[in-house]
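Engineer: model the structure of this input:
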Amino acid sequence: MPGKRSYLGAVLTSRCPRCREGKIFLSNHAYSKNSVKMHDACPACGQPTEIEVGFYYGTGYVSYALSIGLLVASFIAWKLLIGVTFSVDDNRIFYWMGFAFLLLLLLQPVLMRFSRILWLSWFVSYDPNWQTRKPREAERINKDQANNW
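Structural biologist: Here you go, the predicted structure:
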């Protein structure tokens, strides 16, 4: 159903924020080779994915915030389920640290893709009439350089 996908549904399924229909990434899976490669433009509505040169540098901050949120959530879950004290004789904090490190390492491809789609969705708004309107041209982008990425 075109146009019926919510913002959250579009972000979680890596869809274009403008039309919420086209897939942004070339690969459907976060753990495949070149999983963060994106289409130059949305296959459904033509929205450019590279808004300007260096546009995705900000995703580092988003990925960092997501990682911190994941660490806090895992610590709270660990504390409630297993228990943690900061006693010298209790090593459970170190087990949590190992678990958290492994969790972040395994989820890194997912976090990278999710931070990119979140970042793009904050700068490109939904257009319910995307079928009849053309997307705005990308600002400050060198088209020759963009094709070499």
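Engineer: quick one: furthest residue from the center of this protein?
Structural biologist: Relative to the centre of the chain, and counting by CA atoms, centre = their mean, the farthest-placed residue is residue 89 at 39.8 Å.
Engineer: run through the neighbouring helices and strands of the longest helix anywhere in the chain.
Structural biologist: In the chain, with assignment by DSSP state H, the single longest helix is helix 92-123. Counting contacts by 3 or more CB pairs under 8 Å, 6 or more residues apart in numbering; DSSP states H and E, helix 92-123 packs against helix 7-12, helix 59-81. Placement of C-beta: from N, CA and C, glycine included.
Engineer: reformat those as JSON lines; add mean pLDDT and distance to residue 46.
Structural biologist: Output for the helices and strands packed on helix 92-123, formatted as JSON lines (pLDDT from 0 to 100; distance: least, CB to CB, whole Å):
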{"stretch": "helix 7-12", "mean pLDDT": "91", "distance to residue 46": "16"}
{"stretch": "helix 59-81", "mean pLDDT": "93", "distance to residue 46": "22"}
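Engineer: that older thread, state the mean pLDDT of the longest helix of the chain.
Structural biologist: Averaging pLDDT along helix 92-123 yields 92.
Engineer: could I get the helices and strands packed on helix 92-123 as CSV with mean neighbour count?
Structural biologist: Formatted as CSV, these follow (neighbours: other CB atoms under 10 Å):
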stretch, mean neighbour count
helix 7-12, 14
helix 59-81, 14
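Engineer: can I get those in a markdown table with distance to residue 20?
Structural biologist: Formatted as a markdown table, those follow (distance: least, CB to CB, whole Å):
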| stretch | distance to residue 20 |
| --- | --- |
| helix 7-12 | 4 |
| helix 59-81 | 19 |
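Engineer: which one, of those helices, ends up nearest to residue 126?
Structural biologist: helix 7-12 (7.0 Å; CB to CB).
Engineer: on that earlier part again, now the angle from the longest helix of the chain to helix 59-81?
Structural biologist: 140 degrees (axes from the mean of the first three to the mean of the last three CA atoms, to 10 degrees).
Engineer: okay then, goodbye and thanks.
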